[in-house]
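Colleague: this is a predicted model, with the sequence first.
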Amino acid sequence: MRFPPLIRTSILIPVWIACGVAGAVLLSVLDSSNQTLYSRLEKHGVVVAAIVTSTEPSNHNTVYYSFTARGKRYASGDRASPPNPDASKLAPGDHVHVVYDVRDPNYSCACDPRGSAKPSAWWRRLLGGLFLGSIVSVVITLNIQRMLHKRRGSSAASASA
């Protein structure tokens, strides 16, 4: 069985552009949701020493913690970011620096929101989107080519019969 050439620019370029734009939009949306939280905590945040309940260093350096605000206990999890040590160096019962929103303590992070509230540069989102789009577009293009090849093969077989 012979496959068509690996890359057909007539198919790849439009698919690559569409996937690149979709990837850049996705990264922008994800970045903006993080920025919303950090901006919220930067404006209305209160620092508290939270107690570590568990850690998952292999899961994005995640630390789970609990803290008390307005007499109520809250529990959450987040990446252990500076000024906190890595999650691998923390154990249940240790204390971590947590910032929570005084208006709604359900919003918190184990970070310094001033350091985290820096949006990614536009070119990083664009390049990241294009990279993700490139991977997806190659897979889509190969599947389109495979489907077209099968159609041509079945129509040639029916024409010869």
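Modeller: Right, received. Where do you want to start?

Colleague: from now on I want contacts and neighbour counts done on CA atoms only, so please keep to that.
Modeller: OK.

Colleague: show me the contacts for the nearest residue to Gly45 once chain neighbours are set aside.
Modeller: Excluding its sequence neighbours, the residue lying closest to Gly45 (CA to CA, 6 or more residues apart in numbering) is Asp101, at 4.6 Å. Residues in contact with Asp101 (CA atoms under 8 Å, 6 or more residues apart in numbering) are Arg40, Leu41, His44, Gly45, Val46, Tyr107, Ser108.

Colleague: identify the single longest strand in the chain, thanks.
Modeller: Ordering each strand of the chain by length in residues (DSSP state E) puts strand 45-56 first.

Colleague: how distant is it from the center of its chain?
Modeller: Relative to its chain's centre, strand 45-56 lies at 22 Å (CA atoms, centre = their mean, to the nearest Å).

Colleague: cool, and stretch 95-106?
Modeller: Counting by CA atoms, centre = their mean, stretch 95-106 is centred 22 Å from the centre of its parent chain.

Colleague: pull out the CA atoms of that stretch and give them to me as CSV.
Modeller: Extracted in CSV, the C-alpha atoms of stretch 95-106 (Å, rounded to 0.1, in the frame of the first residue of the first chain):
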residue,chain,number,x,y,z
HIS,A,95,3.1,25.9,57.2
VAL,A,96,2.9,27.6,53.9
HIS,A,97,2.3,31.2,52.8
VAL,A,98,-1.2,31.5,51.4
VAL,A,99,-3.1,34.5,50.2
TYR,A,100,-6.9,34.4,50.1
ASP,A,101,-9.5,36.9,49.0
VAL,A,102,-11.0,38.7,52.0
ARG,A,103,-14.3,38.9,50.2
ASP,A,104,-14.5,35.2,49.4
PRO,A,105,-11.9,32.9,51.1
ASN,A,106,-12.7,30.2,48.6
